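> Return a 3D structure for these sequence lines:
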Amino acid sequence: MNIFKNTILVIFSFLLSILFLHFILHLNTLSIVDQRKLDKSALWYLDQYYHTFFPNTFNRDLKNYTAILGDSYAFGEGDGWLEIEKENKYSTPHYLNELDGKNYINFGLPGGRSVTSFREFFFRYNKIQNSLFLPKIDQPKKIIFFFYEGNDIIDNVKFFKKKKINTNDINKFVETEIENFSYYENREFNIYFPTINTSKKLLLDKFIHYIYVPHIYPIRSKLRKKKEEKLGILKTNKIINNYIIFNNGKTKNYDGYLDNPGYLLNKNEINTSINIFFSCIKYFKKKFPNTEIEILYIPSATTIYDWKNSLLMRGTDKEYIELDKHFRDKHHGYIIKKFKILSIKNNIKFFNPTEKLKKIAQKEYLHGNLDSRHFNLLGYKTLANVLLD
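Numbering: from 1, shown residues only. Take a look at the predicted model:
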């Protein structure tokens, strides 16, 4: 009987300790989830809601701030993020804060497209506003949306075709999807009880690192190879050599996958993608009519650099296509023209740093050596300078 009572007591004490830890975290979120105190590796075990508080780009009181929206370029993924211990700045908001001293709260969602980026903002904003532990958050004075040419153009179209609710009306589609938080069913629990989700992710990481990769993966690879040999499947790895040429005559081999800014889309699909984005902007303006809106257009590597060759890029059905400079410039020019027209029509500031980035890229590499798909610190700093200039 005493063993039973002691077991119950131990379990109860453990649960009470967990609840106490959660209470302490929620009560001190703004001070604990701070890049000056929390290691970045711990951040990925927490729900993305907590990522809002991590950067040291605001004064922790959630007032008088500019909201940053967008995908991984808004968040600041890249070499600066991977080597954050070397320099505490890793994103454009870090440089903006350093240069003008204003508050920038980052709602960036890596992998987000236009609708999901805005949805993430609404979700986090509402959660903060309704929190019993955090101070009330002001409506943003301004938002800066980081629109990345490299995948937003394609992703908006794909999402529309996949998710549309029996309608071709873009505005209805956006209204249906932009605050559809049914996708976030599990996040409520993960936000309120973060240590449980953290423990689960940590165990999964350990399983992958110590069991799956060294023991299970080799066995699966061998079985797959035998199956392919039996079926007569020949795997060919096409070597892609895309070279950047700098004005000093030096060239750089661009390793890795090049983002495709919708080169294979027709004009109707491109227009659909851009209209989805501006429909999201209109929806936001109805919610926050007093918030100033700015768009920062981020060109892809295919647009920025002077390429030695016609670009060889992955197309459909695992085939590869060659795209010459004239075609790429014409494609980029059409998109920029549409953005300018719709920005003026909606009374929104539109920033296009392409020419400034191209000028720097004549001499220097703007993408990472560790992460070639995102900007290095010079790239992110350049974006900040464009916004402030």
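> hey, let's count contacts and neighbours off CA atoms from now on
Noted.
> can you list the weak-confidence ranges in the stretch 251-389 of the chain?
Within the stretch 251-389 of the chain, the segments meeting pLDDT under 70 span 255-256, 315-319.
> who touches residue 170 in this structure?
272, 275-276, 279 (Cα atoms under 8 Å, 6 or more residues apart in numbering).
> Tell me the one among those nearest to residue 70.
Using Cα to Cα, the shortest approach to residue 70 within these belongs to residue 276, at 14.2 Å.
> burial count for that closest one?
Residue 276 sits with 23 neighbouring residues when counted by other Cα atoms under 10 Å.
> Got the phi and psi for it?
As for residue 276, its main-chain torsions (degrees, to the nearest 10) stand at phi -60, psi -40.
> still on that earlier bit, would you format the contacts of residue 170 as TSV with secondary structure and distance to residue 387 included?
Listed next are those as TSV, based on DSSP: H, G, I helix; E, B strand; the rest coil; distance: Cα to Cα, whole Å:
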residue	secondary structure	distance to residue 387
272	helix	27
275	helix	23
276	helix	24
279	helix	23
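> CA atoms only for the helix or strand containing residue 31 - export them in CSV, please.
Under DSSP states H and E, the secondary-structure element containing residue 31 is helix 29-32. In CSV, the C-alpha atoms belonging to helix 29-32 read as follows (Å, rounded to 0.1, in the frame of the first residue of the first chain):
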residue,chain,number,x,y,z
THR,A,29,8.7,34.2,-22.3
LEU,A,30,10.0,37.6,-23.3
SER,A,31,13.1,37.3,-21.2
ILE,A,32,13.8,33.6,-21.6
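> Save the contacts of residue 170 as a markdown table, and put in distance to residue 191 too.
Putting these into a markdown table (distance: Cα to Cα, whole Å) gives the following:
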| residue | distance to residue 191 |
| --- | --- |
| 272 | 35 |
| 275 | 33 |
| 276 | 30 |
| 279 | 30 |
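> Which residues belonging to the helix or strand in which residue 123 is found are considered buried?
Assigned by DSSP H and E, residue 123 falls within helix 114-129. Burial within helix 114-129, assessed by neighbour count using 16 or more other Cα atoms under 10 Å, is assigned to 114-125, 127-129.
> Counting by contacts, list what the following helix or strand past that helix packs against.
Counting by DSSP H and E, the next helix or strand C-terminal to helix 114-129 is strand 142-148. With contacts defined as 3 or more Cα pairs under 8 Å, 6 or more residues apart in numbering; DSSP states H and E, the packing partners of strand 142-148 are strand 65-70, helix 72-75, strand 292-298.
> any idea how far the shortest one is from the chain center?
This points to helix 72-75. Distance, stretch centre to chain centre, for helix 72-75: 4 Å (Cα atoms, centre = their mean, to the nearest Å).
> same thing with stretch 379-389?
18 Å.
> Dump that stretch to CSV, keeping only the CA atoms.
The C-alpha trace of stretch 379-389 is given here as CSV (Å, rounded to 0.1, in the frame of the first residue of the first chain):
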residue,chain,number,x,y,z
GLY,A,379,23.0,40.2,-48.7
TYR,A,380,20.8,40.8,-45.7
LYS,A,381,22.6,44.0,-44.9
THR,A,382,22.0,45.3,-48.4
LEU,A,383,18.3,44.7,-48.1
ALA,A,384,18.3,46.8,-44.9
ASN,A,385,20.1,49.6,-46.7
VAL,A,386,17.6,49.6,-49.5
LEU,A,387,14.7,49.8,-47.1
LEU,A,388,16.2,52.7,-45.2
ASP,A,389,17.5,54.5,-48.3
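> which residues are contacting it?
So stretch 379-389 is in contact with 76, 90-93, 95-96, 296, 351, 353, 356-357, 366-367, going by Cα under 8 Å, 6+ apart.
> All set, thanks.
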